[in-house]
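Trainee: Let me see the structure of the following:
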Amino acid sequence: MEERHRYKEVGRHITALIDSAALLPGERLPSLRALSRQLRVSIATVTQAYLELEKTGIVEARPRSGYYVRQALRRLPRPESVPRPQLEPIAGNRSRLIQTVLGAVGSSDLLPLGVTGAAPELLPGKLLAKLMAAECRGAPEAAIGYEQIAGHIELRRQIALYLLGSGIAARPEEIIVTTGAMEALYIAIRALTRPGDTVLIQSPTYYCFLQLLESCGLRAVEIPSHPRTGVHPDDLRQALKRFDIRACLLAPNFNNPDGSLTCEEARAEIMAILEEEEVPLIEDDVYGDVHFGPRRPGTLKARDRRGLVLYCNSFSKTIAPGFRVGYLLPGRFFPKALEIKSTTNVTSATPTQRALAAYLRQGHFERHLRRLRQTMEAQMRTLQLHLGCHFPAGTRVTQPEGGGALWVELPPGVDGVEYFYRARAEGIGVVPGSVFSTQDRFGNYVRLSCNGLWNEDLARGVETLGRIAAEMA
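Mentor: Numbering: from 1, shown residues only. Model (predicted):
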């Protein structure tokens, strides 16, 4: 690792010790010299790591004594019992509240705990601006012209090369570039369904998926997602037997909002069930690259042998949300998907595609991802510990190993929608749990996003959120 980033590794090491209760609140951290020897880094690196942890409020310095874990820190338990949905097709019914929640996107007036995705200061904005300028100067006519409907061929080549790391062997000609992942999902849904059809989803699920199904006139059958294990194949099998499911929409890697990661054994069984029943699957993998472990989790698309999986991803969560560049691997449904793309917006924007192609070709993405993952993990762990400092008894929070959000179960009786409005009145964005299901579930849940560098504004915001929760409890 680059020397200037080694202090982050040291900070992660200490945070992991606190997470695992190897270091308890009030206990003294290892001395600078001892940790320097243990981790084989300089004393200056350890000092910088401890100073950063002090800024986040995780540790405190005591004169002539050293650094200590903050006494007030406590680890909140995870949500254990997941409310099971009723197994029945339901039309979307959350559109108005979802629109209110979406009003926070792009707003600078709210503390951004309600919008997922990395903060601008963590993204390669300056480099992308240079690359786009170079593309426009080098080929001005091409930069302002239409691209191919399926997308800029060099970008599709680079995406195909990158997908090999996910176990997906795809040719550039099998990829469609889209305007963000939401267009990829829209095209996939349109290619597989007609109004009145039924789609299987996991619950909770991203509220924009529910809004998409509602706008397409579709009904949803929800099967439970557990924060630790994701979707269980038995629930999938039962739903497919009872209902005429036209398509499934799942996010096996760090599902938004609960951060669940479906295990490899379950993935294999899920694919076997879908192949046996000939039911297509739309796989959303926008958080697969934001993993905190040593390896990227696999994909269902990598197990697809019959072209049944329509794989959706984008660069919005990792490189540039404003570029609106996503992509779709539609499998056997490619001709229909390309037809829908051509009648939706003909083609995606040319300059952003060309700039991203150059960014990937020059090898910047992997280096950027390593730094982004470390920062996002540190932000998530810091937020978890601060929730323990300020939220009342009865609060529970997930401990995902990737993604960009925490799923918070508030004490019984706290209404998440009222909590959302009270937080917004204090200038803080959160998302109420009820928008993540078509059914009356998750009423005392909220989603908090982990998308920036920890600072005093975030610390005050979390303290305020804890106060509101305590008052409502």
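Trainee: okay, now Leu369: neighbour count?
Mentor: Neighbour count for Leu369, taken as other Cβ atoms under 10 Å: 16. Bear in mind the C-beta positions are built from the backbone N, C-alpha and C, glycine included.
Trainee: Need the pLDDT of it.
Mentor: pLDDT recorded at Leu369 is 95.
Trainee: now swap in Ala355 and tell me
Mentor: 96.
Trainee: any idea how far the closest residue to it other than its chain neighbours lies from Pro140?
Mentor: Of all residues not flanking Ala355 in the chain, Met132 sits nearest, at 3.9 Å (Cβ to Cβ, 6 or more residues apart in numbering). Look at Met132 and Pro140: by Cβ to Cβ, to the nearest Å, they are 12 Å apart.
Trainee: the more surrounded of those two?
Mentor: Met132 (20 against 10).
Trainee: hang on, that one is in a helix, isn't it?
Mentor: Yes - under DSSP: H, G, I helix; E, B strand; the rest coil, Met132 falls within a helix.
Trainee: mind listing what it touches?
Mentor: Pro351, Thr352, Arg354, Ala355 (Cβ atoms under 8 Å, 6 or more residues apart in numbering).
Trainee: what about the last one, helix or strand, and which?
Mentor: Spelled out, it's Ala355. helix 350-361 (DSSP states H and E).
Trainee: who touches that helix?
Mentor: Against helix 350-361 from outside (Cβ under 8 Å, 6+ apart): 124, 127-128, 131-132, 134-136, 139, 142-147, 151-152, 154-155, 157-159, 161-162, 177, 315, 319-320, 323-325, 365.
Trainee: can you do 7 Å?
Mentor: 128, 131-132, 135-136, 143, 145, 147, 151-152, 154-155, 158, 162, 177, 315, 323, 325, 365 (Cβ atoms under 7 Å, 6 or more residues apart in numbering).
Trainee: now do stretch 286-299
Mentor: Contact with stretch 286-299 is made by 165-168, 181, 253-254, 256, 261, 264, 267, 283, 285, 311, 313-314, 316-318, 369, 373, 376-377, 401-404, as judged by Cβ under 7 Å, 6+ apart.
Trainee: and the strand ranked longest in the chain, what other elements does it pack with?
Mentor: Ranked by number of residues, the top strand in the chain under DSSP state E is strand 219-226. Strand 219-226 is packed against strand 90-91, strand 198-203, helix 233-242, with contacts defined by 3 or more Cβ pairs under 7 Å, 6 or more residues apart in numbering; DSSP states H and E.
Trainee: what's the angle from the second one to helix 233-242?
Mentor: Here strand 198-203 points in a direction 160 degrees away from that of helix 233-242 (axes from the mean of the first three to the mean of the last three Cα atoms, to 10 degrees).
Trainee: so strand 198-203 versus strand 219-226, what angle?
Mentor: 30 degrees.
Trainee: Next, the buried residues of the longest helix along the chain.
Mentor: In the chain, ranked by residue count with DSSP state H as the criterion, the top helix is helix 364-390. Neighbour-count burial for helix 364-390, counted by 16 or more other Cβ atoms under 10 Å, picks out 364-365, 368-369, 372-390.
Trainee: do stretch 391-402 as well
Mentor: By neighbour count on 16+ other Cβ under 10 Å, the buried set for stretch 391-402 is Phe391, Gly394, Thr395, Arg396, Val397, Thr398, Gln399, Pro400, Gly402.
Trainee: before we move on, back to that, just checking, which of the contacts of stretch 286-299 belong to strands?
Mentor: Glu283, Tyr311, Asn313, Ser314.
Trainee: would CSV of those residues with neighbour count, pLDDT and distance to Gly466 be doable?
Mentor: Formatted as CSV, those follow (neighbours: other Cβ atoms under 10 Å; pLDDT from 0 to 100; distance: Cβ to Cβ, whole Å):
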residue, neighbour count, pLDDT, distance to Gly466
Glu283, 23, 98, 36
Tyr311, 27, 98, 39
Asn313, 28, 98, 35
Ser314, 27, 97, 33
